[in-house]
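Asks: this one's structure only:
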């Protein structure tokens, strides 16, 4: 390699490097018979620790060989049909082409003089997504100057953080309720006093990023009020009473967080009813649709998101149910003027360049051109094509749930609403305690062996296994192989547990 930097003179080296990397990906795809290797953590740690970073290898070929042994041979294969653990999706080929373009050109989209046309592409996609949500339809009589807007982020956690920051600032910018405080309204002392009384109300299955955001935003330790659900959903009647109780206690509601696809259950809250409650109480509604956002383009299940247009803000993770590589998320606001709360000007960012100044809306300064992945995918397979992929994945999950339900050695815990299947092994003669005790060991045994990768969680106080189905091409044989591994591991471990209990080792 004559010059390690990309330039017009290094075009041949660039093409050769991409070809070599592509060959490694092909080797990775073709050579993997399991979703992960069975290498132990200590073995992998020793391999990594043995590398002397102060001594370069000198050639790309040698570096790729090293990376193959350290990384590719042991990377968890989300593409593999026996990987069914978390919200990791197979990715579209057009998106991979976009990654190559965006990474090679290395566009930063924070300012117009850095991003130019990339800023326009990102904004076009933001407008497209707010249109899918229906923000325009939600406010048919809104003032002309109010329009929806959004910004790409690194993921749902960042999107939720900025949404709740915006909700907090919106609440604090409004007149305070009469509390008898000595602080003068609008002063720093008044702001500090009100901060301690701000509350975020959500359901019991909210993502951990809601609590994390409350901490980062300096709210009180008890600021997040978690309401019991009606089944797995946030109950509008319970929410109505809770919002009134918060005010009666002398506190203020910064935001309500509803869920369009809970991480463990895939459950969608009744957003239209929740939206009406929030409007009646005049509180900010944020919808976390990181998981369920792909339903916006579903040809058959879009109605599951009925009422999402009543939200004030929405999180969508394109790197989940839009089948894009990590990372590509977005925060969308019904009234884009609220992004003013995130705006901090600096002369070196050329704030006079106009409306395409994305840094004014972002918690980040330097940002990758992640929007290009969505653009390329839409231009090749279309929104309906993405939606059909998600529909197919949900269909697979529903068939899998029926298979589990019919299996005498497995117990279905929840019917899937999106694409998660919750279940636990139930060997012959196993009571609830034994079935519960097998869940984590089964998951750990499968992960250690590497043949199948599933997740574990806790539902209603009891552990269970979780299959997250985001591969629309999974066959019945693929699913059967994973369930067979679960049954085999459970039967083997149950024998050991019973022998240990009989011997008095376990009580």
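Replies: That came through, no problem. What you are looking at is a predicted structure, and each value in this text was computed from that prediction instead of being measured.

Asks: ok, which stretches of the stretch 351-500 of the chain are helices?
Replies: Along the stretch 351-500 of the chain, the segments classed as helices by DSSP state H, counting those that start in this stretch run 371-406, 432-449, 476-502.

Asks: Comparing these, which comes out most buried?
Replies: The densest packing among those, expressed as mean neighbour count by mean count of other CB atoms under 10 Å, is seen in helix 371-406 with a mean of 20. For the C-beta atoms, the positions are set from N, CA and C on the backbone; glycine is no exception.

Asks: Work out the gap between that one and the centre of the chain.
Replies: Here helix 371-406 shows a centroid-to-chain-centroid distance of 16 Å under the convention CA atoms, centre = their mean, to the nearest Å.

Asks: elements contacting that helix?
Replies: Helix 371-406 sits against helix 93-105, helix 117-133, helix 318-321, strand 410-414, strand 420-425, helix 476-502, with contacts defined as 3 or more CB pairs under 8 Å, 6 or more residues apart in numbering; DSSP states H and E.

Asks: what is the mean pLDDT for that helix?
Replies: In this model, helix 371-406 has an average pLDDT of 97.

Asks: pLDDT below threshold where in the stretch 201-350 of the chain?
Replies: With pLDDT under 70 as the threshold, the stretch 201-350 of the chain has low-confidence stretches at 350.

Asks: just the helices in it please.
Replies: Listed in chain order, the helices of the stretch 201-350 of the chain (DSSP H, counting those that start in this stretch) span residues 208-216, 236-248, 271-281, 318-321.

Asks: How about stretch 19-34, which residues are buried there?
Replies: Residues of stretch 19-34 classed as buried by neighbour count (16 or more other CB atoms under 10 Å): 24, 28, 32.

Asks: Now, these that are in helices?
Replies: Per DSSP state H, helices hold the following members of those: 24, 28.

Asks: export the buried residues of stretch 19-34 to TSV and tack on distance to residue 362?
Replies: Written out in TSV, the entries for those read as follows (distance: CB to CB, whole Å):
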residue	distance to residue 362
24	34
28	34
32	37
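
Asks: which one of the buried residues of stretch 19-34 is nearest residue 411?
Replies: residue 32 (30.9 Å; CB to CB).

Asks: Could you pull up the residues touching the closest one?
Replies: Taking CB atoms under 8 Å, 6 or more residues apart in numbering as the definition of contact, the neighbours of residue 32 are 77, 80.

Asks: try 10 Å
Replies: Residue 32 is in contact with 72-73, 75, 77, 79-80, 450, counting by CB atoms under 10 Å, 6 or more residues apart in numbering.

Asks: So what's the residue count around the residue lying closest to residue 63 once chain neighbours are set aside?
Replies: Leaving aside its chain neighbours, residue 63 sits nearest to residue 57 (5.2 Å; criterion: CB to CB, 6 or more residues apart in numbering). Residue 57 is surrounded by 13 other residues when neighbours are defined as other CB atoms under 10 Å.

Asks: what kind of secondary structure is residue 57 in?
Replies: Residue 57 falls in the coil class when you classify it by DSSP: H, G, I helix; E, B strand; the rest coil.

Asks: Backbone dihedrals for it, please?
Replies: Backbone geometry at residue 57, expressed as degrees, to the nearest 10, gives phi -80, psi -30.

Asks: So which residues of the stretch 151-300 of the chain form strands?
Replies: Listed in chain order, the strands of the stretch 151-300 of the chain (DSSP state E, counting those that start in this stretch) span residues 198-203, 224-227, 252-259, 285-289.

Asks: Ok, which of the ones you listed comes nearest residue 126?
Replies: strand 285-289 (15.0 Å).

Asks: Remind me what the closest one packs against, helices and strands.
Replies: Helices and strands in packing contact with strand 285-289 are listed as helix 156-172, strand 198-203, helix 208-216, strand 252-259, helix 271-281, strand 313-317, strand 329-333; criterion 3 or more CB pairs under 10 Å, 6 or more residues apart in numbering; DSSP states H and E.

Asks: Please work out which of those is packed deepest.
Replies: The highest average neighbour count among these, using mean count of other CB under 10 Å, belongs to strand 313-317 at a mean of 29.

Asks: Just checking: what are the partner strands of that one?
Replies: Sheet partners assigned to strand 313-317 using DSSP bridges are listed as strand 285-289 (parallel), strand 329-333 (antiparallel).

Asks: Just want the angle from the last one to helix 117-133.
Replies: Think strand 329-333. Using axes from the mean of the first three to the mean of the last three CA atoms, to 10 degrees, the direction of strand 329-333 lies 60 degrees away from that of helix 117-133.

Asks: gap between stretch 434-444 and the chain center?
Replies: Going by CA atoms, centre = their mean, the spacing between the C-alpha centre of stretch 434-444 and its chain's C-alpha centre is 26 Å.

Asks: Run through who's touching it.
Replies: Stretch 434-444 has contacts (CB under 10 Å, 6+ apart) with 85, 410-411, 423-427, 430-431, 445, 452-458, 461-466, 485-494, 496-498, 501, 506.
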